[in-house]
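> Turn this into a structure:
(2 chains)
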Amino acid sequence: MPSSYRLFFAYLWIAPHVLLVALLVAMLAKGMVRRFPFFFSYCLFELIQFASLYVVSRRWSLSSLEYRITFLVGFAVSIALRFAIINEVFQILLKPNEGLKRLGKDVFRFATVLLLGLGVLLATLHAGPNRFLETFALLDRTVSFLQCGLLVVILAFSRYFAILWHRAAFGIALGFGLDQAVELAIAALHFHVDKKVLWPNLVGMGAYHCTTAIWLLFFLLPERRSGATLMSASEQNLVAWNRELRDVGRPSGTSESRRRRVL
Amino acid sequence: MTVTLLFVLLAVAFVATLLYLARGGTAPARRGELQYVDMEAFKNLMDAGERAYLEKNLPAKEFRAIHRERQRSALEYIAAVSSNASALLILAQEARHSSDPEVVQAANTMIENATQVRVNAAGATFRIYLGLAFPSWAALPDTLADRYERLTRLELRLQGLRFRNAGSAA
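The predicted structure follows:
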């Protein structure tokens, strides 16, 4: 393994966790732990996992079985926390919109069932050897697919109902979405790329680095207010009404005139 | 390999969709612009009675052509109504941060109504497309126009409260 690769690998392994430390400090300083308890727990868990793996990789060598158990436990906790975070983001989004809570919950449940069904169906299409890494990649792919889909549904839902996002919640969703999409592609490629090829690993780690940077950025930025105001809308409304009045009597045939025509 | 390619394409599509949905957007609703809606015409287009009247009094071929045209026009109106509801949703969410409890209450009512208009608009669009595909489909959405009218009245009330507050502050 070339030394430049080792250095780059070490950077991509350590740097996101340095950003996670900064993120945890920012969350504590801004009092956002109570608002995002699962996200805070996830970041903390990722840090603890990183620290343990780092120490273990330096001091001890694990047996294959020990490694698998450690890996699977970490993976399972990580998946559970990520689902909890997606739900947390959605609840924060719905909290000020009482009228949307029921519809939101129904849409979320329906999307989960639909995506899970699709994920399982796509998983059955794979007929590879049933080894540990293949099984793990298959599971990883299905989970990434499900989480990506849920994040897209949440963003589409919020856009359709013009819900104003809490900036940090938006950053969490965006970061997770990008990371999970890359994870999905890598997990899928796992079945066809030689295990000695290093770039998929680097791409995955790079995506996680970008994700932690996005989270930190969105947590550090001040909460925004939309530029639109009721007064400006009122003025714009008047402009629109004036334009409509000017259009009266013009030759028909345009889309706008068709919209006004009643047969 | 096909499944792998499918997942890679899915991942690319997810990223593209996320970025598209995440960007601020330049739609009129996002800019706070409202589109003019001729309520009388809109109500006429959504009126099931009007449809029945036309069906009864026009030759079948002519009715089908006119009905299709009415449905296309209704779709344009619904898009405008839906876009306006979206703009009002954004504005009402802003107004909810007011220190005046009366403004907050009016904004909350407006949010509820605008949300309902958006839900109804989606349903109405779906039903009209069904009607275009299957002309015998008779069900026309009839509550959307009323709901939208109620929403515009709420907007006026909210505007009034804001003007009153601005006046008393000056």
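> Count the residues that sit near residue 76.
In the absence of a named chain, this looks at chain A. As a burial measure, A:A76 scores 11 neighbours (other CB atoms under 10 Å in any protein chain shown). To be clear about C-beta, it is placed using only N, CA and C from the backbone, and glycine gets the same treatment.
> meant chain B, my bad for not saying
The tally of other residues near B:E76 (other CB under 10 Å) stands at 18.
> Secondary structure class of it, three-state.
Using DSSP: H, G, I helix; E, B strand; the rest coil, the structure places B:E76 in helix.
> starting at the chain centroid, how far to the helix or strand where A:P16 lies?
Here A:P16 sits within helix A:3-29, counting by DSSP states H and E. Between the centre of helix A:3-29 and the centre of its chain there are 19 Å (CA atoms, centre = their mean, to the nearest Å).
> Just give the closest residue to the residue most central in space within chain B, not the sequence neighbours.
Centroid-nearest residue in chain B: B:S82, 1.6 Å away (criterion: CA atoms, centre = their mean). Leaving out its chain neighbours, the residue that sits closest to B:S82 by CB to CB, 6 or more residues apart in numbering or on different chains is B:A121, at 3.8 Å.
> Can you tell me the element that neighbour falls in?
In this structure, B:A121 sits in helix B:101-133 according to DSSP H and E.
> do A:V152 as well
Per DSSP H and E, A:V152 falls inside helix A:132-160.
> who does the helix holding B:A121 touch, helix- and strand-wise?
Helix B:101-133 sits against helix A:98-124, helix B:60-95, helix B:144-169, with contacts defined as 3 or more CB pairs under 8 Å, 6 or more residues apart in numbering or on different chains; DSSP states H and E.
> among those helices, which is nearest B:Y36?
Between B:Y36 and the helices and strands packed on helix B:101-133, the shortest gap by CB to CB is with helix B:60-95, which sits at 7.8 Å.
> Now do that closest one and helix B:101-133, the angle between them.
160 degrees (axes from the mean of the first three to the mean of the last three CA atoms, to 10 degrees).
> coming back round to it: adding distance to A:I172, write the helices and strands packed on helix B:101-133 out as TSV.
TSV is the format used below for the helices and strands packed on helix B:101-133 (distance: least, CB to CB, whole Å):
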stretch	distance to A:I172
helix A:98-124	16
helix B:60-95	20
helix B:144-169	32
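> now, of those, which is deepest in the fold?
Mean neighbour count (mean count of other CB atoms under 10 Å in any protein chain shown) peaks for helix B:60-95 among the helices and strands packed on helix B:101-133, with a mean of 20.
> That one to helix B:144-169, inter-axis angle?
Comparing the axes of helix B:60-95 and helix B:144-169 via the same axes, to 10 degrees yields an angle of 30 degrees.
> now helix B:60-95: mean pLDDT?
If you average the pLDDT over helix B:60-95, you get 87.
> so where's chain B uncertain?
By pLDDT under 70, the low-scoring segments of chain B are B:1, B:24-33, B:135-142, B:166-170.
> picking up where we left off before, do the helix or strand just after the helix holding A:V152 and chain B meet?
Next along the chain after helix A:132-160, taking DSSP H and E as the criterion, comes helix A:167-189. Yes - Helix A:167-189 is in contact with chain B by CB under 8 Å from any CB of the partner chain, via A:170, A:174, A:177-178, A:180-182, A:184-185, A:187-189.
> Same check on stretch A:97-105?
Yes - using CB under 8 Å from any CB, we find that stretch A:97-105 touches chain B at A:97-100, A:103.
> what packs against the strand or helix carrying A:N87?
Using DSSP H and E, A:N87 maps to helix A:64-94. Helix A:64-94 is packed against helix A:37-59, helix A:98-124, helix A:132-160, helix A:167-189, with contacts defined by 3+ CB pairs under 8 Å, 6+ apart.
> Give the buried residues for that helix.
A:74, A:79, A:81-83, A:85-86, A:88-90, A:92-94 (16 or more other CB atoms under 10 Å in any protein chain shown).
> For the helix or strand where A:A207 lies, which helices and strands make contact with it?
For A:A207, the element it lies in under DSSP H and E is helix A:199-220. Secondary-structure packing of helix A:199-220 (3+ CB pairs under 8 Å, 6+ apart): helix A:3-29, helix A:167-189.
> Buried residues of it, list them for me.
Neighbour-count burial for helix A:199-220, counted by 16+ other CB under 10 Å, picks out A:200, A:203-209, A:211-216, A:218-219.
> Contacts for stretch B:110-129, please.
A:97-100, A:103, A:160-162, B:46, B:71, B:74-75, B:78-79, B:81-82, B:85-86, B:88-89, B:92-93, B:95-96, B:137, B:139-141, B:143-144, B:147-148, B:150-151, B:154-155, B:158 (CB atoms under 8 Å, 6 or more residues apart in numbering or on different chains).
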